[in-house]
Structures are given as structure tokens and as C-alpha cells.
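A.B. asks: Quick one, structure for this:
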Amino acid sequence: MSKVIYKSVFSDYFNSFCEQRVKLGYSDVEMRLFFKVFDSYFYNKGIDIVFVTESIYNNMMDFLTNENGRNRYRYASKFSMLMKYMSRLGVPVYIPRVGKIPKNNFIPHIFTHEELCRIFNAADQLRLPKPYSRSVVIIMPAILRLLYSTAMRIGEALALKNEDVDLDCQTITIKNTKNRCQRIAPINPSLGVVLKQYISYRNQIPIKGIENASSPFFVNLSGKSCSQHSVSARFIEILQNAGIPYKGHHQGPRLHDIRHTACVHTMVKLVKEGKDIYCVMPYIAAYMGHKRLESTNNYLRLTQEIHPDIIKATKAIDKLFDDSVYDNFNFEDRYEL
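C.D. replies: Next up, the predicted model:
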């Protein structure tokens with residue numbers, strides 16, 4: 001990530017706070033992005049004194065978000081951390097009371113197997129736009145199947161480097177994770193075929209260094225990393241082409257719902273195979289990249305709501321994902337450079 005430049009009178013505090021967090025072993029990436037939003041507000045409002053009152057805070061929050069839910073909570077919690085830090089340095093500031101994180105009532109869309117097949121087929125039928133130098137069309141067939149097969153987060157998938165994908169050992173090393181816990185995901189045979197086809201096509205792009213170990217695995221046609229926004233926009237197009245209604249922002253279906261779907265389908269499959277879902281929960285948690293079993297248990301509750309027949313079973317975890325969704329996929333048939 002390129003260095004974030006701050007312009008307001010709070011810039012020194014933004015930087016010193018983030019530097020302190022890094023020394024304590026925390027990542028400063030997300031915090032710096034939040035601070036950039038605060039910085040822009042203070043700078044554009046012409047605030048030239050390092051001083052924060054309750055009125056200034058409330059006006060800023062109302063300007064940044066008109067919601068009272070989780071989005072507002074995220075801004076408030078980050079700002080409160082900064083204010084506590086500045087207060088310890090003797091700066092006269094207002095420290096907001098954040099309270100508990102609001103309950104998230106959002107219910108993810110769990111795709112059926114039939115819907116997934118339609119999504120994959122629609123991704124296969126995408127064509128390159130003109131001009132297309134920044135198009136992410138070429139990655140969509142592969143990345144959607146990857147997300148379902150490995151239950152990766154989209155940010156984790158887009159952060160992959162060539163060196164992270166080992167087709168010989170049939171593993172993917174996921175380093176840039178939400179919880180900063182590296183994990184390894186297996187590549188099943190069908191996904192391996194898809195990824196090989198993608199690599200073969202991608203490597204035809206006349207970009208120097210595209211095959212380097214440290215280069216991004218998923219790239220657009222200019223050889224650059226793909227943004228989540230671009231991939232999500234294409235996913236909405238794919239949903240429409242697949243005949244799956246898109247209800248709008250914050251309503252879905254979302255790209256992240258493929259991850260939810262992968263976990264729910266896994267749990268259903270395990271129970272149908274006679275396995276004890278509670279015994280294999282630690283395995284599923286590790287596979288999903290969850291730090292706490294509580295996060296994985298949320299998926300179990302969701303699974304039980306969708307499939308009331310889900311009950312306890314026994315034996316160890318076996319095969320997690322169904323290969324059938326990868327059948328009859330030919331990458332080279334879809335595009336021409």
C-alpha cells in the first residue's frame with residue numbers, strides 16, 4: 001500500500017498513532033484509511049486548531065455517515081481510539097462513548113448449486129470490452145470458482161502473488177488475511193485445471209514480469225492488480241446475466257456471499273455424509289480463516305435455519321467441496337487477445 005498523506009493539523013497525531021500500533025504488532029492499513037477520511041473532513045472544513053469538542057465530533061459523524069448502524073460504529077470506534085491517544089498526550093479533546101457494536105441483521109444470500117452453475121456459465125460467457133486495458137473480465141471465471149472452492153475472502157484472493165499458488169503441490173498459501181493468520185488452502189483437481197487455463201491465458205499478455213514470483217496472481221489486461229470494486233461490479237453484471245436478481249447495495253447478493261455459500265454447502269455435505277458437525281468445527285474454522293469458533297458457529301446457525309434437518313453426526317472431516325461445479329469449463333474458448 002502506498003503511503004497515505006495527511007493535510008490537516010491532525011496529521012502528526014494520525015501518523016504517530018499508527019506508528020505506535022505497528023510497534024505493538026498491529027497492522028496500520030485500515031486505521032490509516034479511516035484517518036484519511038477524518039483528515040479530509042478537518043482539512044476541507046478549515047479546522048486549523050488541534051481541538052475537538054462534542055459538537056465538532058457530532059457534526060463530523062453526521063457528515064460522514066447518516067446511518068446509526070454498524071457503519072457509524074466503525075467510524076466512531078476508530079475516532080474514539082485516536083481521541084484517547086491524544087488525550088493521553090495532553091491534547092484537549094472530546095472522547096466519544098461508542099457503546100456496543102450494533103447487531104447485524106443482514107442475512108447473506110446462500111446460492112443454490114443451480115444458481116452457482118448459472119453464475120459460472122455467465123462468467124464464462126463474458127467478452128472483453130473495448131478499450132479493455134483495465135478490464136477484469138479475464139479473471140472472473142477463475143476467481144469465482146476459486147472463492148467457492150476455497151471459501152476465501154475476495155481481498156485475500158486479490159492479494160495472492162504468483163508464488164502463493166503452487167499447482168504442483170496443489171496448495172495456495174493465503175498470507176494477507178483479515179486476522180493476520182496465514183493459512184493454506186488445498187487446490188482440488190478441477191480447480192487446478194481452471195487455474196492452469198487462467199495462467200496460460202494470462203501469460204500471453206505482453207507485460208514484462210507478469211510471471212515473476214512476486215507479481216500479482218490475478219491481474220487485469222494491463223498487468224496490474226485488480227480492485228475489489230471492479231470485480232464486484234463485474235459480479236453484479238454476471239448476476240444479471242445469470243437471471244439472479246440483484247437487490248442493490250447492502251442488500252445483495254454480494255460477492256462475499258460466495259464465501260458464505262461455500263461454508264454452508266460444506267456443513268450440509270458433511271452432515272449428509274454422516275459426520276459430527278461439532279467435531280469438525282475446528283477444521284472448518286481453520287479452513288475459513290476464523291480466529292474464533294464463535295464466528296464459524298454463526299455459519300452453523302445460518303445452515304440450520306436454511307436446512308432444519310441439519311443435526312449431529314460423527315466421524316472426521318473428509319472432502320469439503322463438490323467438484324461438479326467445475327465441469328465442462330474451457331478457459332481458452334471464451335476469449336481472444
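A.B. asks: where are the low-confidence patches of the stretch 101-250 of the chain?
C.D. replies: Using pLDDT under 70 as the threshold, the predicted model of the stretch 101-250 of the chain has low-confidence ranges 101-106, 129-134, 249-250.
A.B. asks: where do the helices sit along it?
C.D. replies: Listed from the start of the chain, the stretch 101-250 of the chain has helices (DSSP state H, counting those that start in this stretch) covering 113-124, 140-150, 154-158, 189-202, 228-241.
A.B. asks: what's the most buried one of those?
C.D. replies: Greatest average neighbour count among these goes to helix 140-150 (a mean of 25), per mean count of other Cβ atoms under 10 Å. Quick note: C-beta positions are derived from backbone N, CA and C, even for glycine.
A.B. asks: circling back: and the helices of the stretch 101-250 of the chain as a markdown table, adding distance to Val4?
C.D. replies: Putting the helices of the stretch 101-250 of the chain into a markdown table (distance: least, Cβ to Cβ, whole Å) gives the following:
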| stretch | distance to Val4 |
| --- | --- |
| helix 113-124 | 34 |
| helix 140-150 | 27 |
| helix 154-158 | 18 |
| helix 189-202 | 30 |
| helix 228-241 | 18 |
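A.B. asks: Among those helices, which comes closest to Pro96?
C.D. replies: helix 154-158 (28.4 Å; Cβ to Cβ).
A.B. asks: other SSEs contacting the closest one?
C.D. replies: Using 3 or more Cβ pairs under 8 Å, 6 or more residues apart in numbering; DSSP states H and E as the contact definition, the elements that helix 154-158 packs against are helix 140-150, helix 228-241.
A.B. asks: Mind checking those helices for the one nearest to Val91?
C.D. replies: Taking the helices and strands packed on helix 154-158 one by one with Cβ to Cβ, helix 228-241 is closest: 35.3 Å.
A.B. asks: next helix or strand past the closest one?
C.D. replies: Counting by DSSP states H and E, the element after helix 228-241 in chain order, helix or strand, is helix 257-272.
A.B. asks: sorry, back to before: would you list the helices and strands packed on helix 154-158 in a markdown table and tack on distance to Arg21?
C.D. replies: Formatted as a markdown table, the entries for these read as follows, by distance: least, Cβ to Cβ, whole Å:
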| stretch | distance to Arg21 |
| --- | --- |
| helix 140-150 | 30 |
| helix 228-241 | 24 |
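A.B. asks: And the ones you listed: which comes nearest Thr261?
C.D. replies: Distance to Thr261, taken as Cβ to Cβ, is lowest for helix 140-150 among those, at 6.8 Å.
A.B. asks: Quick one: residues in contact with the closest one.
C.D. replies: Judged by Cβ atoms under 8 Å, 6 or more residues apart in numbering, the contacts made with helix 140-150 from elsewhere in the structure are 116, 119-120, 123-124, 126, 152, 154, 157-158, 172, 174, 185-188, 190-191, 194-195, 197-198, 218, 231, 234-235, 238, 255, 258-259, 261-262, 321, 325-326, 329, 331, 334.
A.B. asks: Of the helices of the stretch 101-250 of the chain, which is nearest Lys45?
C.D. replies: Lys45 lies closest to helix 228-241 among these, at 27.1 Å (Cβ to Cβ).
A.B. asks: gap between the closest one and the chain center?
C.D. replies: In terms of Cα atoms, centre = their mean, to the nearest Å, the centre of helix 228-241 is set 14 Å apart from its chain centre.
A.B. asks: now stretch 6-13
C.D. replies: Averaging C-alpha positions (Cα atoms, centre = their mean) puts stretch 6-13 29 Å from its chain's average.
A.B. asks: okay, how far is it across that stretch, tip to tip?
C.D. replies: Start to finish, the residues bounding stretch 6-13 are 10 Å apart (Cα to Cα, to the nearest Å).
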